[in-house]
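>>> Build me a structure from this.
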Amino acid sequence: MIIGVMTPDSEPVTLLEKYESWTLLASAKLGRLVVVIDGRPEIFPINFVTQRGTVLFRTAEGTKLFGAVVSDQVLFEADDHNDIGGWSVVVRGAAQILSTSVEIDEADGAGLYPWIPTLKLHYVRIIPAQITGRRFVFGREPDGGHVPG
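Okay, the predicted model is just below:
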């Protein structure tokens, strides 16, 4: 899903529109959840899906679940790359555990399954307050960029 070739007029970093950020995010399967526990950031790899403009993941009891629900803010990031470029999308928002049968039935329909053979009984939905995305075009460092050491 990564396209682009560096030309003399290309910018190495491009800010993405909200729609393109969601499109790229929907194409990914693995991301990172960042929560703050006892004043310290913690990061967890998670498989996820997007659903109705939110990020949905499953988890078991433990630090990830606790951190997601006690923080009033979480970060989620996913990215991808190939030989010519890459992208990164960051979602800032709040996480909520799905608890009603309607919410859980909707989440069940998203096709989200654990990657490892463990029970992940809790669905968590990240409700975005902000989404930002960047596309990167890889290339050589410009002349004069090296700082002697």
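>>> all contacts plus neighbour counts: C-alpha atoms, from now on.
OK.
>>> on contacts alone, who are the packing partners of the longest strand that the chain contains?
In the chain, with assignment by DSSP state E, the single longest strand is strand 122-137. With contacts taken as 3 or more Cα pairs under 8 Å, 6 or more residues apart in numbering; DSSP states H and E, strand 122-137 sits against strand 13-15, helix 18-27, strand 54-59, strand 85-97.
>>> give me the number of residues near A129?
A129: 10 surrounding residues under other Cα atoms under 10 Å.
>>> And the closest residue to it other than its chain neighbours, how far from S71?
Distance criterion Cα to Cα, 6 or more residues apart in numbering; nearest residue to A129, sequence neighbours excluded, is G93 at 4.7 Å. As defined by Cα to Cα, to the nearest Å, G93 lies at a distance of 10 Å from S71.
>>> now I43
Remark: distance between I43 and S71 (Cα to Cα) = 13 Å.
>>> Mind listing the shared neighbours of these two?
V35 (Cα atoms under 8 Å, 6 or more residues apart in numbering).
>>> returning to what we had before: now the helices and strands packed on strand 122-137 in a markdown table, with distance to I104, mean neighbour count and mean pLDDT?
A markdown table is the format used below for these (distance: least, Cα to Cα, whole Å; neighbours: other Cα atoms under 10 Å; pLDDT from 0 to 100):
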| stretch | distance to I104 | mean neighbour count | mean pLDDT |
| --- | --- | --- | --- |
| strand 13-15 | 34 | 14 | 94 |
| helix 18-27 | 20 | 17 | 96 |
| strand 54-59 | 11 | 21 | 96 |
| strand 85-97 | 10 | 20 | 96 |
